[in-house]
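Colleague: Give me the fold of what follows.
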Amino acid sequence: MKMTHLIAGAALAVASAMSAQAQELKFANFTPPFHTINASVIEKLNADLSAATDGAVSVRGYHGGELGAGPVEQYVRAVQGVADMVWGLPGYTSSQFGKTMIVELPNAIPLDQPGYEALWAAFDEIKGEFPATKPIALWTSEPNIFIMKDVQIRTPADLAGLKVRVAGATAAEVAEALGATPVQMPINQVYNALQTGLIDGVITGASTLSDFKLDEVANSYTVGANLGRLAFYTVMGQSSYDKLSADAKAAVDAVAGMEVSKSAEMAWNATADAALEAARADDTNVVIDLSPEEAQAFADAVADVVNGYVAEVSGEAALAKMRGE
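Modeller: Below is the predicted model:
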C-alpha cells in the first residue's frame with residue numbers, strides 16, 4: 001500500500017511539474033472568432049507549437065478585442081506584453097512600416113504573385129521596421145477590388161468626388177490620384193459607414209465581404225485593376241519570446257516564417273474567392289470585370305504616386321527583392 005502511495009505521489013509530482021512548465025501564449029485578435037485569421041494562423045500556431053513541444057507551449061486566441069479594443073494598438077500590445085502574439089496591418093501605423101508598405105502599392109507585384117513570398121524575400125530590407133518583436137508571419141490579402149454602394153466604377157473618372165475608405169496614408173494617396181476623397185477608418189467601422197452613406201465604397205479585398213459582412217451593404221464590385229493589396233503581420237513580443245525555454249524558442253523559430261504565412265494568405269484568398277462567387281450569384285449585385293486595357297487606365301493614373309512613394313522611403317532595393325529582381 002505504501003509503495004502504491006509513493007508511485008501515485010511521484011506521478012502527481014511529475015504531472016504538477018509538467019503543468020507548471022506548460023505555457024499558454026496569449027494571441028490578441030481584434031476580430032470575431034469566425035474571422036479567417038483564427039483557423040489559418042491562431043489555431044495553426046496552437047497545433048504546431050503544441051505538437052512540437054509535446055503540449056508544453058500552446059496558443060490561445062483572445063477574440064473580439066478581449067485584450068484591448070481596436071486594431072491600431074495591436075503592435076504595441078505585443079511590445080508591452082499585454083499579449084504574447086498579435087496580428088495587425090502595417091497600414092494602420094504606416095509611418096512605422098515605410099518599406100513594408102511597398103507591397104501594398106498598385107502594380108508593386110503582379111496580381112498572381114503571392115504576397116507572402118514577396119515580403120519574406122525582402123525581409124532583410126524591412127526587418128528594422130519590426131522593433132522589439134519577433135515576426136512570425138508576413139502575408140498579404142487577395143488583390144484589392146472596388147466594393148461600392150449604389151455606384152459603378154469602370155474608369156478612374158467614375159471615382160470623381162466619391163468618398164472611399166482606405167486603410168492607410170499610402171492608400172489615401174492612391175485614392176486621391178484616382179479622383180476619390182479618401183476616408184481612413186478601421187475595417188470594423190466600414191459596415192456602418194457604407195450603410196449610412198458616410199462613404200460610397202472601399203478599396204480592399206473581397207474577403208471582407210464575408211469576414212466583415214460587407215456583402216450586406218455593398219452592391220457593386222469592380223475587379224481586374226491592380227489596386228495593390230493589404231499587408232498583414234503576426235508578431236511575438238520580444239520579451240515574451242525571451243521568457244521561453246530554449247526548446248520552446250526553437251519550436252517558435254521552426255513554425256515562424258513561410259509556412260504559416262502561406263497558410264494565412266491561402267485562407268484569405270479562399271475566403272475572397274468564395275465571397276466574390278457569392279456576390280456574382282446575387283442578382284441584386286453588379287460585378288464589373290475590367291479588360292486589360294481598362295485596367296491599364298487605373299495603373300496609369302496612380303503611377304506617379306507609386307514611383308514617388310518608393311523614392312520617398314528609399315525602397316528601391318525592397319521593391320526589387322519583392323519582385324524577385
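
Colleague: quick one, strands of the stretch 201-325 of the chain?
Modeller: If DSSP state E, counting those that start in this stretch is used as the criterion, the strands of the stretch 201-325 of the chain fall at 201-204, 220-223, 231-237, 286-289.

Colleague: So which of these is nearest Glu43?
Modeller: strand 231-237 (12.6 Å; C-beta to C-beta). Any C-beta I mention is one placed from the backbone N, CA and C, and that applies to glycine too.

Colleague: Check which helices and strands the closest one is in contact with.
Modeller: Applying 3 or more C-beta pairs under 8 Å, 6 or more residues apart in numbering; DSSP states H and E, one finds that strand 231-237 contacts helix 74-80, strand 85-88, strand 133-140, helix 258-281.

Colleague: distance between that strand and the chain's centre?
Modeller: Strand 231-237 sits 8 Å away from the centroid of its parent chain (C-alpha atoms, centre = their mean, to the nearest Å).

Colleague: angle of it against strand 133-140?
Modeller: When axes from the mean of the first three to the mean of the last three C-alpha atoms, to 10 degrees is applied, the directions of strand 231-237 and strand 133-140 differ by 160 degrees.

Colleague: pull the CA atoms of strand 231-237 into PDB?
Modeller: Output of strand 231-237 as PDB, limited to C-alpha atoms (Å, rounded to 0.1, in the frame of the first residue of the first chain):
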ATOM      1  CA  ALA A 231      -0.200  43.600 -45.900                       C
ATOM      2  CA  PHE A 232      -0.500  41.800 -42.500                       C
ATOM      3  CA  TYR A 233       1.800  40.700 -39.800                       C
ATOM      4  CA  THR A 234       1.800  38.300 -36.900                       C
ATOM      5  CA  VAL A 235       4.500  39.200 -34.300                       C
ATOM      6  CA  MET A 236       5.500  37.900 -31.000                       C
ATOM      7  CA  GLY A 237       6.700  40.400 -28.400                       C
END
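
Colleague: now it against helix 258-281, angle please.
Modeller: Using the same axes, to 10 degrees, the direction of strand 231-237 lies 140 degrees away from that of helix 258-281.

Colleague: Run through who's touching strand 231-237.
Modeller: Outside strand 231-237, the residues that touch it by C-beta atoms under 8 Å, 6 or more residues apart in numbering are 25, 41, 45, 75, 78-81, 83-91, 97, 100-101, 103-104, 115, 119, 130, 132-141, 252, 260, 264.

Colleague: Nearest the geometric middle of this structure, what residue?
Modeller: For the chain, the residue nearest the mean C-alpha position is Phe232 (2.9 Å; C-alpha atoms, centre = their mean).

Colleague: on that earlier part again, the helices and strands packed on strand 231-237: which one's closest to Gly228?
Modeller: strand 133-140 (8.9 Å).

Colleague: looking at the helices and strands packed on strand 231-237, which is buried most?
Modeller: Ranked by mean neighbour count, these are led by strand 85-88 with a mean of 26 (mean count of other C-beta atoms under 10 Å).

Colleague: Tell me the gap between that strand and the middle of its chain.
Modeller: Relative to the centre of its chain, strand 85-88 is centred 9 Å away, using C-alpha atoms, centre = their mean.

Colleague: Cool, thanks, signing off.
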